[in-house]
Every structure is written in structure tokens, then in C-alpha cells.
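In: Got a sequence here, can you build the structure:
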Amino acid sequence: MLLRILGTAAGGGLPQWNCACPGCAGARRHPSRRRLHDGLAFHGTGTGAWFLVNATPDVAQQLESHADLRPGAGRDRTPVVRVVLTDAELDHTLGLLRLREAARIEVWCTQPVHKALTTRLPLTDVLSPYTELTWHDLPLTDAGPPVRLAGLEVSAVPLSDKRPRYAADEPAHPAWSTALKVRDPSTGTSALYAPALAGWSDHFGAAIARTDCVLLDGTFFDEEEPRRTGISQRTASEMGHLPIAGPEGTAERLRRLGAQVYYTHLNNTNPLVDPGAPQHEQLGGRGLRVAEERMVVSL
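Out: Model (predicted):
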């Protein structure tokens with residue numbers, strides 16, 4: 001399978017329109033540092049079929065950035081678009097509105113995410129005058145067979161009950177935020193994508209240990225980054241994102257894996273948005289890397 005990285009930034013992208021922090025200022029001075037909202041596209045082995053993981057506000061630009069995702073001679077001008085969601089956050093779902101020109105949009109998500117997107121954000125009502133929006137259940141790992149998409153097996157690993165702000169009063173559920181597990185049955189290879197990781201459970205550890213490629217939450221480099229930069233009074237973990245560095249950070253756990261590991265979903269305050277930052281060497285020494293825009297990984 002081919003894994004196409006469509007974007008690598010946390011909410012707001014890089015630069016954020018309302019921010020002049022060093023990361024945003026650096027991205028304005030150096031356009032090569034700009035990052036779109038994090039998202040992926042998967043292609044199955046030997047197929048031209050593909051599906052998106054999350055639909056970001058940048059989705060049109062993201063699709064245009066990869067030739068294989070563009071319309072071409074003999075292709076439908078308004079194709080069926082398939083999207084798998086890891087959560088109900090605005091940064092991962094607003095792109096569904098941008099895809100309204102599609103002949104049909106098929107969405108796979110967990111039950112609490114589906115409820116949020118059809119009641120709190122009534123996407124079906126909004127999109128129905130433009131296109132057909134079809135919803136499917138996203139199966140949880142170890143709770144049933146995975147769904148088949150583009151020749152690949154897809155399931156979700158429950159991570160936390162972190163709800164989007166617009167649905168903060170909805171009931172708790174372990175599958176509000178999930179990691180996506182994708183396996184190619186023709187090769188046996190697999191990838192795991194977790195853009196928001198609030199805690200490292202035994203279940204998540206077991207899932208990640210059996211994976212060939214991991215794309216993991218790199219929102220904040222250290223625990224105190226949100227407080228130090230003034231964006232929040234909460235720590236990284238309290239905001240629902242395990243930091244990269246530190247005794248409870250993910251880097252120490254990940255260096256023991258034999259998988260390819262890439263950090264994504266970088267916040268504008270993260271020093272890793274500067275390609276010259278010394279923190280890149282710290283990761284490199286552990287065999288870890290930062291995902292780059294428009295990167296393609298073959299598994």
C-alpha cells in the first residue's frame with residue numbers, strides 16, 4: 001500500500017492566520033516551512049482506489065498536491081469520495097463541506113462521532129442539497145472484522161473520550177478519539193495513525209507493537225510547552241496530547257519499536273516546525289522523524 005501524507009499541522013495549520021509566534025513568523029518568511037492540516041490518503045496495492053483519513057479545511061489543496069488524487073482523462077469529474085474519520089474535531093471534519101461537488105461522499109466513523117456530526121453539526125442536512133452523504137460504522141479493533149476499503153483492512157483503536165468543544169456535554173465514550181489501523185492483506189504490512197494521543201494504554205501499546213509504520217501525535221514537544229508559550233494554562237497532557245520529550249513522553253517508548261515512526265499534527269509552538277531546531281537531532285538519535293508535507297510511504 002501507499003500512504004500519502006497530505007498535511008502535518010495541528011489546528012489552524014502553519015502559519016496560523018491569527019498568530020505571530022516564532023513558528024508562524026518563520027513559516028511566513030520561509031514558505032517551505034508551511035504546513036497544512038494533518039491528513040492522509042491510502043492506496044491499496046495494485047489498485048487505483050484510495051480513501052482519505054480525515055477531511056480537513058485544506059482538503060481541496062491537499063488533493064491537488066498529489067497527481068494520483070487529481071481528476072484526469074477518462075476519470076469521473078465528480079467521483080465518489082471515501083473518508084475515514086479518527087474523531088469529530090472541526091479540523092478533521094470541515095473538509096466534508098468542501099467536498100460537496102462529489103457524486104457521493106461515504107464516511108466511516110465511530111458511533112459517538114457519527115452522532116456529533118449529524119446532530120451537533122448537521123452535516124447530512126447541510127450537504128444533502130449538493131451531494132449524497134452516506135454513513136458507515138467504523139469497526140473497533142478486536143471488536144469485529146475490519147472494513148475493506150481500496151483493498152485494505154481498516155479498523156479503529158479506541159484512545160480516549162476527548163470530545164470536540166461543540167459536543168463537550170455529550171456522554172463519555174472510549175471511541176470519541178481513535179487511532180486508525182490499516183493493513184494490506186496482500187503483503188501483511190500495516191500502518192497506524194494516531195493524530196491525537198491523550199494516553200498510552202496497554203491496548204494501544206499492543207496495537208502499535210505489531211505495526212510497520214506509525215504516524216503519531218507530535219502536537220507538543222514537551223509537557224510545559226502550552227503554558228510556556230502562553231497558548232493555554234493547561235499542560236500538553238491536560239490538553240489531550242502526550243508530549244514527545246520527557247519521562248512520560250512518547251519518544252522514549254517509540255525508540256524501542258522496529259517500525260518506521262513519523263511525528264505529525266505539529267502545533268505552531270512546537271520547535272520541530274523549524275527544520276534547523278536541535279530537537280530534530282534528539283529524535284534522529286532515537287530513529288524517529290518528523291513527517292513532511294506530501295511525503296509518500298510505501299509499505
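In: which residues does the closest residue in space to Arg4 that isn't next to it in sequence bridge with?
Out: Counting by Cβ to Cβ, 6 or more residues apart in numbering, Ala41 is the residue found nearest to Arg4 once chain neighbours are left out, at 4.3 Å. (C-beta placed from N, C-alpha, C; glycine too.) For Ala41, the beta-bridge partners are Arg4, Leu52 (DSSP bridges).
In: Ala41 and His66 touch, don't they?
Out: Yes: judged on Cβ atoms under 8 Å, Ala41 makes contact with His66 at a distance of 6.9 Å.
In: who's more crowded, the two?
Out: Shown here are Ala41 and His66; by other Cβ atoms under 10 Å, Ala41 has more neighbours (21 against 17).
In: Which pLDDT value does the model give the more buried one?
Out: On pLDDT, Ala41 comes in at 97.
In: what about it, distance to Phe51?
Out: In this view, Ala41 and Phe51 are 7 Å apart by Cβ to Cβ, to the nearest Å.
In: Now do the helices in the stretch 51-200 of the chain.
Out: If DSSP state H, counting those that start in this stretch is used as the criterion, the helices of the stretch 51-200 of the chain fall at 59-64, 90-93, 95-98, 111-115, 123-127.
In: So which residues of the stretch 51-200 of the chain form strands?
Out: Counting by DSSP state E, counting those that start in this stretch, the stretch 51-200 of the chain has these strands, from start to end: 80-84, 104-109, 132-137, 147-149, 152-160, 177-183, 190-194.
In: would TSV of these with mean pLDDT and mean neighbour count be doable?
Out: What follows is the strands of the stretch 51-200 of the chain, written out as TSV (pLDDT from 0 to 100; neighbours: other Cβ atoms under 10 Å):
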stretch	mean pLDDT	mean neighbour count
strand 80-84	95	21
strand 104-109	97	21
strand 132-137	97	15
strand 147-149	96	15
strand 152-160	97	22
strand 177-183	97	25
strand 190-194	97	25
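In: CSV for those, including distance to Ala116?
Out: Below are those laid out as CSV (distance: least, Cβ to Cβ, whole Å):
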stretch, distance to Ala116
strand 80-84, 15
strand 104-109, 9
strand 132-137, 12
strand 147-149, 20
strand 152-160, 15
strand 177-183, 12
strand 190-194, 19
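In: what's the closest of the ones you listed to Asp91?
Out: Asp91 lies closest to strand 177-183 among those, at 12.6 Å (Cβ to Cβ).
In: Now tell me what touches the closest one from outside.
Out: Residues from elsewhere that reach strand 177-183 (Cβ atoms under 8 Å, 6 or more residues apart in numbering): 1, 3, 42, 53, 84, 86-87, 110, 138, 140-141, 146, 152-162, 189-194, 196-198, 204, 207, 211, 240.
In: That strand relative to strand 152-160, how many degrees between them?
Out: Here the directions of strand 177-183 and strand 152-160 differ by 160 degrees (axes from the mean of the first three to the mean of the last three Cα atoms, to 10 degrees).
In: Dump strand 177-183 to CSV, restricted to CA.
Out: What follows is strand 177-183, C-alpha atoms only, in CSV (Å, rounded to 0.1, in the frame of the first residue of the first chain):
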residue,chain,number,x,y,z
SER,A,177,-10.9,9.7,19.7
THR,A,178,-9.3,6.8,17.9
ALA,A,179,-6.2,5.7,16.1
LEU,A,180,-6.6,4.1,12.7
LYS,A,181,-5.1,0.7,11.9
VAL,A,182,-4.7,-0.1,8.2
ARG,A,183,-3.5,-3.5,7.0
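In: strands paired with it, and their directions?
Out: If you go by DSSP bridges, strand 177-183 pairs up with strand 152-160 (antiparallel), strand 190-194 (antiparallel).
In: got a markdown table for the ones you listed, with distance to Ser32 too?
Out: A markdown table is the format used below for these (distance: least, Cβ to Cβ, whole Å):
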| stretch | distance to Ser32 |
| --- | --- |
| strand 152-160 | 32 |
| strand 190-194 | 24 |
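In: so which of those gets nearest Ala60?
Out: Nearest to Ala60, of the strands paired with strand 177-183 and by Cβ to Cβ, is strand 190-194 at 21.1 Å.
In: Name the next helix or strand downstream of the closest one, please.
Out: helix 202-209 (DSSP states H and E).
In: Give me the buried stretch members for that next one, please.
Out: Buried residues in helix 202-209, counted by 16 or more other Cβ atoms under 10 Å: Phe204, Ala207, Ile208.
In: isn't the second one right up against Val157?
Out: It refers to Ala207. Yes: judged on Cβ under 8 Å, Ala207 makes contact with Val157 at a distance of 4.8 Å.
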